[in-house]
Structure formats: C-alpha cells, structure tokens
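S.K.: The amino acid sequence is not available; the structure is as follows:
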C-alpha cells in the first residue's frame, strides 16, 4: 500500500457514526484523541479522524462509544478544508483496515494481545 502506514492508540471523543456510501458500503467514522506519553504535561492530544469500511464497521459501531480506547492501523493522510468561517484548516485522517477496542481483544476465541489486531489485516 502506498502512503504512510500508521498504528495508533487513543480514546474516542464521541460515539462512532455508521453511514453508507452511494454504493451501499457501510462506513464507521469517529475521532480519536492520541496522546504522546513523552510530551510535557499539559500538551494537548492530537485528534485523528478514522474511517473504517465494510462488515467490520457494522460489527463495531455499537462498541465504539465516547471514551472507548481503541487500537487502529491504516493509511494516514493530512486533509485540508475551508471552515465555515473561511479559515483553512487541516487535520489527520486514518483510512483504517484494523480497529480493535482495547478491552475487546482476546474475546470470542481470537488471538490475544495487540498482535491479534495486526494479524487481521485485509
């Protein structure tokens, strides 16, 4: 896969939203606050917008609630847009192929630990 591949861990800032593309493909969208443990105290978290497509999006959307901690992997991009006030803004987005609620790893006979999420690449 071309682009910057990234793995991150953070907490959801709001409940995930389930939407469908024009082709009827399910998509879960949510934002995650990622904190750098090495940063000085008081450093704000970096927010990353995450999109997950397919059956996994439908399966996870009810579990992805505000405050839930998740591990995610995917392609990281910098997006830029013009806000309603006319100011150009930018932010990080992750097109995810893996999203795993941290408290859910190891359930239903799956492999345990973060390695389980890495093995689930499509």
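M.R.: Nice, thanks for sending it over. Keep in mind it's a predicted model, so treat the numbers as computed, not measured.

S.K.: and residue 92, bridged to which residues?
M.R.: Applying DSSP bridges to residue 92 yields these beta-bridge partners: residue 48, residue 78.

S.K.: That one and residue 69, how far apart?
M.R.: 18 Å (C-beta to C-beta, to the nearest Å). Just so you know, the C-beta spots here come from the backbone N, C-alpha and C atoms, and that holds for glycine as well.

S.K.: neighbour-wise, which of those two wins?
M.R.: Regarding residue 92 and residue 69, a neighbour count based on other C-beta atoms under 10 Å identifies residue 92 as having more, with 19 against 14.

S.K.: and the helix or strand hosting residue 11, which strands flank it?
M.R.: Using DSSP states H and E, residue 11 sits within strand 4-12. Its sheet considered, strand 4-12 pairs with strand 26-34 (antiparallel), strand 69-82 (antiparallel) by DSSP bridges.

S.K.: just those strands: most buried one?
M.R.: Between the strands paired with strand 4-12, the one whose residues have the most neighbours on average, counting mean count of other C-beta atoms under 10 Å, is strand 26-34 (a mean of 19).

S.K.: Cool, thanks, talk later.
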